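Participant: Compute the structure for the input listed below.
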Amino acid sequence: MKHTMSVALMMVTVLGVAQLGRAEEEKDSPYRWNPKVTSVTVFKNGLGFFLRQGKVSLRDGWCVAEYVPPASFGTLAVYSHAKAETVDIVGTGPGEVVVFDGLDAPQDAASKRIRLESCKFLKLQLTYRQQGSERTAAGQLVSVGPEYVVLQADSNSFAVPVAGIKKLQVLEKPLRVHVGADGGKVPEETILGMAYLRKGITWIPEYTLTLRDEETAELTLRGTLVNEAEDLVHCDVNFVVGVPHFLHTDFLAPVAVGQVIRTIGAAVAPREVMSQMVNRAAIARDVRADQFGVVDQPVPAGGRDLKEATGNLPQWEGAGASDFTLYTRKDLTLRQGEKAIVTLFVKQIKYGHVYRWSPPNEIEHFLVLHNNTDTPWTTGPCLATSDGNALSEDLLKYVPKGGKGELPVTTAINISHDQKETEVDRKLKAHQPSSDFFLDLVTLDGELILRNYGKKPADLIVDLRLQGKPLTASDDAKIVLDTTNLKLLERSGTVNWHITLKPSESKTVTYRCERFIPSR
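Facilitator: Below is the predicted model of the structure:
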């Protein structure tokens, strides 16, 4: 009878505690660090630098976290926001394991309860002895009582006797962080930050240029943010002009590979930097994971395929700059797999016109954009409009502050052009490279004939590339010899003119050059 009453009392106690567990199952452990993304700096080459932050309570300086980001090698950092505190150990693995054997942890019931209390609302696997046999139970720890602890798994509850517990294993939160403080005093709570570089996010710039009058235009920069990395909720996003140099982006940080540090190998980092790894990172391997069966924890994916998400976009990075400028958008929410078009600036700028001619091609009309704003302009496609009509769409290349950029518009139809050349002298067999090969030296006079049929003055830049050696040119032209091709038959040079043609004005510029040709 006494045994029956004891069992009944135990069942009542368990059911009461289980009901309490169900009421509290939505609660979270104060020792669980859940850092939220506060800002991300996005580069145009598919990389993002993320900053996370969150407050957490500490047990003997320790806390646990679930998120192990797929960080690029050499970029993962976990740190405290308090000046007197230092994150001195960052460990990862399948989950913390504690053995109550008197060596790893005390065996008395009071010490077990204290340790179990710190794991409340975490998912655990407990190994215990009951009625002479060893058993296991797994679930969320929802209650710690004087004699029993209660694990909740789906709709089932398990009562485990505290005295019989031999081993505790956390089945989640593979990241373990230890915080030390000056003077040896361990803080009870702190604010921790996490910084890392990872793949899976990019932005694509796009410009719209609207001509307002004969001198003023409105330049609008929009960035299409493509997020295939992770959720951004009320986050500050920095759009970067310029492309950084990151050497090890094809390699993951050690703690992100397999989640067990003992798996470090060639897949983690190049061989030449492996010897530096131990000295560069504060990493603690939980050696007890080698001794016990553990539950594997998957590492978050490295982000979805950006190439698939962005399609066959052209590559413009070759026209970028080495210096960086940030366009910042505050309080942006964008979930993984989403895209957003964000207006980064709207600027009033000055513009002009220039015509470029490289004979024998057609004369091209360009808009000259003056960057008198407070920021450089990154490389991106630009649509030019006037009075609601599209003028052109082309690539606006990087323009620094105070600089000028050119945007192609169309072929100039209001400026006629023609080129003529005449042989004026020939020195037969002027040079004999070999016994049976002779070269003649031919002198040519040329002229370029231009006429402006438009109603406005035309600013024209002429770049004439000549085979042979340019000798003279009219109208203050600039002559440049190509010093990379100095062989007689490969000599070349360029003549440059800067000409302003008034409406209905005609202009003829002349030049003289000489070249060697094989004798007939």
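Participant: Need the residues that contact stretch 395-414.
Facilitator: With Cβ atoms under 8 Å, 6 or more residues apart in numbering as the contact definition, stretch 395-414 has outside contacts at 207, 209, 241, 316, 319-321, 354-355, 362-382, 384, 391-392, 394, 452-454, 458. In short, each C-beta sits where N, CA and C put it, glycine included.
Participant: Tell me which entries of the residues you listed lie within strands.
Facilitator: Residues of those located in strands (DSSP state E): 207, 209, 241, 354-355, 364-370, 380-382, 384, 391-392, 394, 452, 458.
Participant: Would you mind giving me the ChimeraX syntax to select the buried ones in those?
Facilitator: Listed next is the ChimeraX selection for buried residues among the ones in strands among the contacts of stretch 395-414, using 16 or more other Cβ atoms under 10 Å:
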select :207,209,241,354,355,364,365,366,367,369,370,380,381,382,384,391,392,452,458
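Participant: Give me the below-cutoff pLDDT ranges for the stretch 51-200 of the chain.
Facilitator: For the stretch 51-200 of the chain, the stretches with pLDDT under 70 are 93-95, 172-173.
Participant: quick one, strands of it?
Facilitator: 62-65, 77-80, 85-92, 97-99, 123-130, 133-144, 148-153, 156-161, 165-170, 175-181, 189-199 (DSSP state E, counting those that start in this stretch).
Participant: Can you spell out which helices and strands pack onto the shortest one?
Facilitator: Other helices and strands packing on strand 97-99, by 3 or more Cβ pairs under 8 Å, 6 or more residues apart in numbering; DSSP states H and E, are strand 165-170.
Participant: count of residues packed around Tyr351?
Facilitator: Neighbours of Tyr351 under the rule other Cβ atoms under 10 Å: 21.
Participant: Could you count how many residues lie near the nearest residue to His178 once chain neighbours are set aside?
Facilitator: Spatial nearest neighbour of His178, excluding adjacent residues (Cβ to Cβ, 6 or more residues apart in numbering): Ile89 at 4.0 Å. Residues lying near Ile89 (other Cβ under 10 Å) number 16.
Participant: So Ile89 sits against Leu175, correct?
Facilitator: No. Look at Ile89 against Leu175 with Cβ atoms under 8 Å: they stay out of range, at 11.1 Å.
Participant: Other residues contacting stretch 181-194?
Facilitator: For stretch 181-194, using Cβ under 8 Å, 6+ apart, the contacting residues are 30, 33, 35, 50-58, 60-61, 63, 67, 69, 76-82, 84-87, 177, 179-180.
Participant: ok, 7 Å please
Facilitator: With contact meaning Cβ atoms under 7 Å, 6 or more residues apart in numbering, stretch 181-194 is reached by 33, 35, 51-58, 60-61, 78-82, 84-85, 87, 177, 179.
Participant: Next, the distance between the ends of stretch 171-179.
Facilitator: Stretch 171-179 stretches 22 Å from its first residue to its last (Cα to Cα, to the nearest Å).
Participant: do the same with stretch 330-345
Facilitator: So stretch 330-345: terminal residues 14 Å apart, Cα to Cα.
Participant: try stretch 63-74
Facilitator: 23 Å.
Participant: ok, now stretch 82-102?
Facilitator: Where stretch 82-102 starts and where it finishes are 35 Å apart, if you go by Cα to Cα.
Participant: What of stretch 366-385?
Facilitator: 14 Å.
Participant: swap in stretch 403-422?
Facilitator: Start to finish, the residues bounding stretch 403-422 are 41 Å apart (Cα to Cα).
Participant: Now it: buried residues?
Facilitator: Gly405, Glu406, Leu407, Pro408, Val409, Ala412, Ile415, His417.
Participant: Can you get me a residue count around the closest residue to Val98 other than its chain neighbours?
Facilitator: Nearest in space to Val98, with sequence neighbours left out and distances taken as Cβ to Cβ, 6+ apart, is Leu168 at 4.5 Å. Leu168 is flanked by 24 other residues according to other Cβ under 10 Å.
Participant: Does Leu168 touch Leu124 like I think?
Facilitator: Yes. Here Leu168 reaches Leu124: they are 6.1 Å apart, a contact under Cβ atoms under 7 Å.
Participant: which intervals of the chain have sub-threshold pLDDT?
Facilitator: 1-26, 93-95, 172-173, 243, 254-305, 307, 309-324.
Participant: what does stretch 358-376 rub up against?
Facilitator: Outside of stretch 358-376, the residues within contact range by Cβ under 7 Å, 6+ apart are 241, 321, 325, 347, 349-357, 377, 384, 398-412, 415, 417, 419, 448, 463-464.
Participant: Between its first and last residues, how far does that stretch reach?
Facilitator: Using Cα to Cα, first and last residues of stretch 358-376 are 29 Å apart.
Participant: Centre of the chain to it, how far?
Facilitator: 30 Å (Cα atoms, centre = their mean, to the nearest Å).
Participant: And for stretch 127-135?
Facilitator: 52 Å.
Participant: Kindly report the same for stretch 346-364.
Facilitator: With Cα atoms, centre = their mean, you get 34 Å for stretch 346-364.
Participant: buried residues in it?
Facilitator: By 16+ other Cβ under 10 Å, the buried positions in stretch 346-364 come out as Ile349, Tyr351, His353, Val354, Tyr355, Arg356, Trp357, Pro359, Ile363, Glu364.
Participant: could you dump those to a markdown table with distance to Val98?
Facilitator: Shown next, in a markdown table, are the buried residues of stretch 346-364 (distance: Cβ to Cβ, whole Å):
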| residue | distance to Val98 |
| --- | --- |
| Ile349 | 65 |
| Tyr351 | 70 |
| His353 | 76 |
| Val354 | 75 |
| Tyr355 | 79 |
| Arg356 | 75 |
| Trp357 | 80 |
| Pro359 | 83 |
| Ile363 | 80 |
| Glu364 | 74 |
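Participant: Pick out the most distant pair among those residues.
Facilitator: The most widely separated members of these, counting by Cβ to Cβ, are Ile349 and Pro359 (31.8 Å).
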